[in-house]
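Q: Build me a structure from this.
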Amino acid sequence: MITLSVSQAQQQIQSAILPITETEQIELKHALNCITADNIIAPMNVPAFDNSAMDGYAFCAQDLASHTQLSIVGTAYAGHPYSTPMQTGQAIRITTGAKMPERCDTVLPQELAVLVNENTLDMRNINVHAGQHRRRCGEDLKMADIAIAKGCRLNPAESGLLASLGIAKVNVQRQLRVALFSTGDELRSVGQQLDDGCIYDSNRVTLHSMLTRFGAEVIDLGILADNPAELKSALKNSAPQMDAIITSGGVAGGAADYTKQVMQELAEMTFMSINMRPGRPFAFGKMTSSNGNTFLFGLPGNPVAVMVSFYFFVRPALQLLGGEQVSVPIPINAIATQRIPKKIGRTEFQRGICNVTEQGKLQVSIAGEQGSGILSSMSHANCMVVLKSEQGDIETGDAVQLILFEGLT
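A: Numbering: from 1, shown residues only. Below you'll find the predicted structure:
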């Protein structure tokens, strides 16, 4: 088993991924969380015409050089343009989003207007500049611009942008199909009787939730016994229909860890010892069948190690596999509120609770015991404190780097 740094392991895994190529066209309202298969080109300008950003009065700013009053000659509503040609010294009432008449280039907000009477604006003491409160045609997007790039995950903002372009259907990568199973004679599924010496399988439920949130189609193969024949059958039968298979447990090489043995027989595998805590043992490889490649991810058995391994190794690999641009979580700095013991020479991911002080500064504390089997610490935490390999003990008041869970999910 080779020993790699976190970045080396990430690079090795991601460089081996071959993205799927199948696409499908779906209605925009069903495209949330899907990955764009092509650059989406704007078929029109957004906005499609100059329009008002305010309720107020529209006019030509040049007229103010020779007019101290403007005659109000009509009204433009959103969806109902004012179509009569305007003359020098004239203005119209206008609502937000209404099309600007051809001669108008400026909007005076309603609350700043001074009226001589209901049909006359007094402009003597009004400070305006040409073009204010006018939304220009194409200032958001110009026709033929790339509206959304290939490999983008469609979130609500992207969906709204496509709707503003009148795009009803989008070409997207098909949904990834990912199978998962846990191994171990001691495991029982939630709802089953818990026999003496057994534990409930939390890893499969955790992984199912993370994969569902990611947007994959999840196939749950259940709990497999510590039996080489059963493991081999599960992998051989499921691989041809899957893009990836994720297992938890059995890759460290213990006496009853048959997952490693079976993976070596069926697939091209790399078994890694990643210089990190938690989550040192990790397996990655691919099975080749008549239907193509299926990528295998062998995760550790401890619950926190499973989550950390998924976030930092599996998730970016699945992004690439699904044709998505890999999103790197943005680290932020915070002040440690306590001493954090740290061994030099390995990367540590500790669960933290980040908050903002009354002075507006970020600070972070450690969320309880940090054992790789203590899943409650992940539930209590809102961030991962990333302690780099070269760092030693962290003292109270030191700056540390953290990644908010919101940036991982």
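Q: can we go C-alpha only for contacts and neighbour counts from here?
A: Noted.
Q: and Gly249, what is it in contact with?
A: Residues near Gly249 by CA atoms under 8 Å, 6 or more residues apart in numbering: 182-184, 257, 259, 298-302.
Q: doesn't Thr212 fall inside a helix?
A: Yes - checked against DSSP: H, G, I helix; E, B strand; the rest coil, Thr212 lies within a helix.
Q: Can you tell me the closest non-neighbouring residue to it?
A: The shortest distance from Thr212 to any non-neighbouring residue, by CA to CA, 6 or more residues apart in numbering, is to Val218 (6.8 Å).
Q: I'd assumed Ala179 was in contact with the one you found.
A: Yes - Val218 sits in contact with Ala179 when judged by CA atoms under 8 Å, with a separation of 5.8 Å.
Q: between the two, which one's more packed in?
A: Here Val218 and Ala179 are compared on neighbour count by other CA atoms under 10 Å; more neighbours surround Ala179, at 25 against 20.
Q: Would you mind pointing out the helix or strand that one falls in?
A: When elements are assigned from DSSP states H and E, Ala179 belongs to strand 177-183.
Q: what mean pLDDT would you report for that strand?
A: Across strand 177-183, the average pLDDT comes to 94.
Q: Convert the C-alpha atoms of that strand to PDB, please.
A: Presented in PDB, the C-alpha positions along strand 177-183 are these (Å, rounded to 0.1, in the frame of the first residue of the first chain):
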ATOM      1  CA  ARG A 177     -25.500   5.800 -11.400                       C
ATOM      2  CA  VAL A 178     -23.700   5.000  -8.200                       C
ATOM      3  CA  ALA A 179     -24.000   1.800  -6.200                       C
ATOM      4  CA  LEU A 180     -23.000   1.400  -2.600                       C
ATOM      5  CA  PHE A 181     -22.600  -1.300   0.000                       C
ATOM      6  CA  SER A 182     -21.100  -1.900   3.400                       C
ATOM      7  CA  THR A 183     -19.200  -5.000   4.500                       C
END
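Q: Off-centre distance for it?
A: 23 Å (CA atoms, centre = their mean, to the nearest Å).
Q: and that strand, which strands flank it?
A: In the sheet, strand 177-183 lines up against strand 217-224 (parallel), strand 244-248 (parallel) (DSSP bridges).
Q: just how off-centre is the longest one within its chain?
A: Going by CA atoms, centre = their mean, the spacing between the C-alpha centre of strand 217-224 and its chain's C-alpha centre is 24 Å.
Q: Name all residues that make contact with the closest residue to Met86 other than its chain neighbours.
A: Closest residue in space to Met86, ignoring its immediate chain neighbours: Arg103 at 6.5 Å, by CA to CA, 6+ apart. Going by CA under 8 Å, 6+ apart, Arg103 touches 59-60, 85-86.
Q: Ok, Gly97 next?
A: 51-54, 77-78.
Q: The lowest-mean-pLDDT helix or strand in the chain: what's the following helix or strand?
A: The weakest-scoring helix or strand in the chain, judged by mean pLDDT, DSSP states H and E, is helix 376-380 (a mean of 83). As assigned by DSSP H and E, the chain's next helix or strand after helix 376-380 is strand 383-387.
Q: ok, residues contacting that following strand?
A: In contact with strand 383-387 (CA under 8 Å, 6+ apart) are residues 342, 347-354, 400-405.
Q: Neighbouring strands - and their directions - for the next helix or strand after that strand?
A: Using DSSP H and E, the helix or strand that follows strand 383-387 in sequence is strand 399-404. Strand 399-404 has its sheet partners listed here by DSSP bridges as strand 332-336 (antiparallel), strand 383-387 (antiparallel).
Q: Save those as TSV, and put in mean pLDDT and mean neighbour count too.
A: Below are these laid out as TSV (pLDDT from 0 to 100; neighbours: other CA atoms under 10 Å):
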stretch	mean pLDDT	mean neighbour count
strand 332-336	96	18
strand 383-387	94	24
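Q: Kindly reformat these as TSV and extend each row with distance to Thr396.
A: Formatted as TSV, the strands paired with strand 399-404 follow (distance: least, CA to CA, whole Å):
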stretch	distance to Thr396
strand 332-336	5
strand 383-387	14
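Q: Ignoring the adjacent residues along the chain, who's closest to Lys232?
A: Val262 (6.0 Å).
Q: Go through the helix or strand containing that neighbour and flag the buried ones.
A: In the assignment (DSSP H and E), Val262 maps to helix 258-266. Neighbour-count burial for helix 258-266, counted by 16 or more other CA atoms under 10 Å, picks out 258-260, 262-263.
Q: so the helix or strand that comes right after it versus helix 258-266, what angle?
A: On the C-terminal side of helix 258-266, the closest following helix or strand by DSSP H and E is strand 268-274. Interaxial angle, strand 268-274 versus helix 258-266 (axes from the mean of the first three to the mean of the last three CA atoms, to 10 degrees): 140 degrees.
Q: Fine, thanks again, bye for now.
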